[in-house]
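Visitor: Structural data only, the sequence is not supplied:
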């Protein structure tokens, strides 16, 4: 019998790859997505479509009310999304305070209710410069807490924590994954903008892999 796991699935290319990695590992995947008021809510539609096609359980949880407490990010507030690479200081405007601690806590609670012992999470090294809650020390401490927060310990599994988005894409392309089924852009418009940090890093990963991104971009 396959082991139950929860995969935090945003609909982006990192969590898309993690989702398939868990499936390839023989896990019984339960996908969990969050509507936290992100302007790129379009990613949730992509997540739902993938889960339907794979016939895996998928919950989308509306936690957008948290924005009354943790505003100030260009992803959730009326602040323009900065353009440029992730490592530029302006990208700190895209940090949603305490987001991943909140999402992981909810996912662990869901895992306990399913009698699942693992929560898969798609943090990677490209996030480390800007996002404190994607760094190895954060994941390690959260893992410590999740081992004692309930009667049953839950592991946070971050298969790509110490590698880059380029490496994630390399792995996904080896699995034959179609990244046209993912949404990365921080602007939730009809086409990806190609200029925000998320788009820049995605396009860089495709260039590094000598591959063509199947997603449509605005002319720029």
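Guide: Received it, and whenever you're ready, just let me know what you need. Bear in mind that the values here come from a model prediction, so they are computed numbers and not experimental data. Numbering: from 1, shown residues only.

Visitor: which residues of the protein fall in strands?
Guide: 4-8, 28-35, 58-62, 118-120, 155-157 (DSSP state E).

Visitor: Name the residues that touch the fourth one?
Guide: Right, the one you point to is strand 118-120. 3, 5-8, 18-19, 21-22, 27, 104, 107-108, 111, 146, 154-159 (CB atoms under 8 Å, 6 or more residues apart in numbering). Every residue, glycine included, has its C-beta placed from N, CA and C.

Visitor: how about the lengthiest helix in the chain: buried residues?
Guide: In the chain, taking DSSP state H as the definition, the longest helix is helix 99-113. Using 16 or more other CB atoms under 10 Å as the test for burial, helix 99-113 gives 99-100, 102-108, 110-112.

Visitor: so what secondary structure elements neighbour that helix?
Guide: The contact analysis (3 or more CB pairs under 8 Å, 6 or more residues apart in numbering; DSSP states H and E) places helix 99-113 against strand 4-8, strand 28-35, strand 118-120, helix 136-148.

Visitor: about what we covered before: with distance to residue 194, mean pLDDT and mean neighbour count added, can I get the strands of the chain in TSV?
Guide: Listed next are the strands of the chain as TSV, based on distance: least, CB to CB, whole Å; pLDDT from 0 to 100; neighbours: other CB atoms under 10 Å:
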stretch	distance to residue 194	mean pLDDT	mean neighbour count
strand 4-8	26	97	24
strand 28-35	24	96	21
strand 58-62	27	96	14
strand 118-120	29	97	25
strand 155-157	32	96	20
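
Visitor: nearest to residue 132, of the ones you listed?
Guide: strand 155-157 (15.6 Å; CB to CB).

Visitor: Pull up the pairing partners for that closest one, direction included.
Guide: Using DSSP bridges, strand 155-157 pairs in its sheet with strand 118-120 (parallel).

Visitor: Low-confidence stretches in this protein?
Guide: 1-2, 39, 70-97, 126-130, 220 (pLDDT under 70).

Visitor: How about the contacts made by residue 50?
Guide: Contacts of residue 50 (CB under 8 Å, 6+ apart): 9, 11, 16, 19, 181.

Visitor: cool, and residue 47?
Guide: Residue 47 neighbours (CB under 8 Å, 6+ apart): 9-11, 15, 31, 33, 58, 60.

Visitor: again, 7 Å this time
Guide: By CB atoms under 7 Å, 6 or more residues apart in numbering, the contact set of residue 47 is 9-11, 31, 33.

Visitor: With distance to residue 123 as extra columns, can I get those residues in a markdown table?
Guide: As requested, the contacts of residue 47 are exported to a markdown table (distance: CB to CB, whole Å):
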| residue | distance to residue 123 |
| --- | --- |
| 9 | 14 |
| 10 | 11 |
| 11 | 16 |
| 31 | 17 |
| 33 | 16 |
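
Visitor: Looking at those residues, which one is closest to residue 135?
Guide: residue 10 (18.2 Å).

Visitor: Now that closest one. Nearest residue, chain neighbours left out?
Guide: Distances taken as CB to CB, 6 or more residues apart in numbering place residue 43 nearest to residue 10, at 5.5 Å, with adjacent residues excluded.
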